[in-house]
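1. requesting a structural model of the entry that follows:
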Amino acid sequence: MPNPYAMSELGLIVYSGTVTSTQELARELLQTPPVLVRAVVAEHQTAGRGRFGNRWYDSPGESLLMTLLVPLHPAELPQAAELAFVLALATADALREQAALEVQFKWSNDVLVAGRKLAGILIETAHDARGAPWALAGVGVNLLQRDFPQEIRERATSVLLETGVALPIEPLAQAILRYTDRWMQVWRQEGLPAVLQSWRPRDTTAGQRYRLPSGETGIAQGVSDTGELVLEVDGTLRTASSAE
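-> Model prediction:
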């Protein structure tokens, strides 16, 4: 395991063994000021989750399990969900750099290779002990898996399966942190449209079937300029901020 307290060029990264989830560990660290940690990385999660509480499968040491702690201005808090696009681009850039692997995206949190899920993203918000807002930007990347549980075997993949490369956790974590910092600058200076301009060429959302919280289903037509899903439901176009 890497040094448990490694200083990157952008701040402190905490590496841990087994945790409940990196999101929960990050949330706990926010309550001990000053918050100097930029990211937490674990070898295994006992209760890892994605959006809507969906379980994240991992075997110890085979995945990058990481949560970035991103300080927000109070005015940015309502737009925190947009960081899913930021983190997707950062993950794609890091995988290209570290493994020469090209990926695609599916709204709102999937990173794919040939239609199979390689990585997932989870954006949550929290406040530190002083009341300042933060985004907890979680990413899980399948690295060394050769096989998956039966229920996800046909729709999951790993860096090893796609490239034959046994990619170490630490350099990928450092690269994602570095590229997240770059894309955060774009988001803050130019807004979501500039981020989506780079996200859309990799987007595979159109044509996918989604289910709304109401239970209705529809076919995706794409992603709006505000980051919402554009869905055709019974012949009518609708936008949704939540669907799976």
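2. what's in contact with the biggest helix by length in the chain?
-> The residue-count maximum for a helix in the chain (DSSP state H) belongs to helix 169-190. With contact meaning C-beta atoms under 8 Å, 6 or more residues apart in numbering, helix 169-190 is reached by 2, 6, 8-11, 13, 15, 38-39, 41, 43, 61, 64, 66, 68, 70, 76, 82-83, 86-87, 89-91, 93-95, 97-99, 137, 139, 141, 143, 194-195. Where you see a C-beta, it was placed from the backbone N, CA and C, and this is true even at glycine.
3. just the buried subset of these, written out for PyMOL, thanks.
-> For the buried members of the contacts of helix 169-190, the matching PyMOL selection, counting by 16 or more other C-beta atoms under 10 Å, is:
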select buried, resi 8+13+15+38+39+41+43+64+66+68+70+76+82+83+86+87+89+90+91+93+94+95+98+99+137+139+141+143+195
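4. for the chain, just list every one of the helices.
-> Under DSSP H, the chain gives helices at 22-29, 83-99, 159-163, 169-190, 192-199.
5. buried deepest among the ones you listed, which one?
-> Stretch with highest mean neighbour count among these: helix 83-99 (a mean of 23; mean count of other C-beta atoms under 10 Å).
6. that one vs helix 192-199, what angle?
-> Following axes from the mean of the first three to the mean of the last three C-alpha atoms, to 10 degrees, one obtains 40 degrees for the angle between helix 83-99 and helix 192-199.
7. helix 83-99 packs against which elements?
-> If contacts are counted by 3 or more C-beta pairs under 8 Å, 6 or more residues apart in numbering; DSSP states H and E, helix 83-99 sits against strand 110-113, strand 116-127, strand 133-142, helix 159-163, helix 169-190, helix 192-199.
8. and with 7 Å instead?
-> Counting contacts by 3 or more C-beta pairs under 7 Å, 6 or more residues apart in numbering; DSSP states H and E, helix 83-99 is packed against strand 110-113, strand 116-127, strand 133-142, helix 169-190, helix 192-199.
9. ok, the shortest one: who's next to it in the sheet?
-> This means strand 110-113. strand 104-106 (antiparallel), strand 116-127 (antiparallel) (DSSP bridges).
10. still on that earlier bit, residue 207 is nearest to which of the helices and strands packed on helix 83-99?
-> Smallest distance to residue 207 across the helices and strands packed on helix 83-99 (C-beta to C-beta): 13.5 Å, for strand 110-113.
11. what's in contact with that closest one?
-> Outside strand 110-113, the residues within contact range by C-beta atoms under 7 Å, 6 or more residues apart in numbering are 88, 91-92, 101, 103-106, 117-120, 157, 162, 204.
12. just the buried residues of the residues you listed.
-> Buried residues within the contacts of strand 110-113, counting neighbours by 16+ other C-beta under 10 Å: 88, 91-92, 101, 103-106, 117-120, 157, 162.
13. ok, the residues you listed vs residue 220, which is closest?
-> Of the buried ones among the contacts of strand 110-113, the one sitting nearest to residue 220 (C-beta to C-beta) turns out to be residue 106, at 8.9 Å.
14. how about the closest one, what does it touch?
-> 112, 204-205, 208.
15. quickly list what it is bridged to.
-> residue 110.
16. which pLDDT value goes with it?
-> Per-residue pLDDT puts residue 106 at 97.
17. how does this structure divide into domains?
-> With domains defined by automatic domain parsing, the chain comprises 5-202, 209-240.
18. that older thread, nearest to residue 244 among the buried ones among the contacts of strand 110-113?
-> residue 106 (10.8 Å).
19. re the thing from before, closest to residue 231 out of the contacts of strand 110-113?
-> Nearest member of these to residue 231, counting by C-beta to C-beta, is residue 106, at 13.5 Å.
20. ok, the contacts of residue 106 vs residue 34, which is closest?
-> Nearest member of the contacts of residue 106 to residue 34, counting by C-beta to C-beta, is residue 112, at 38.0 Å.
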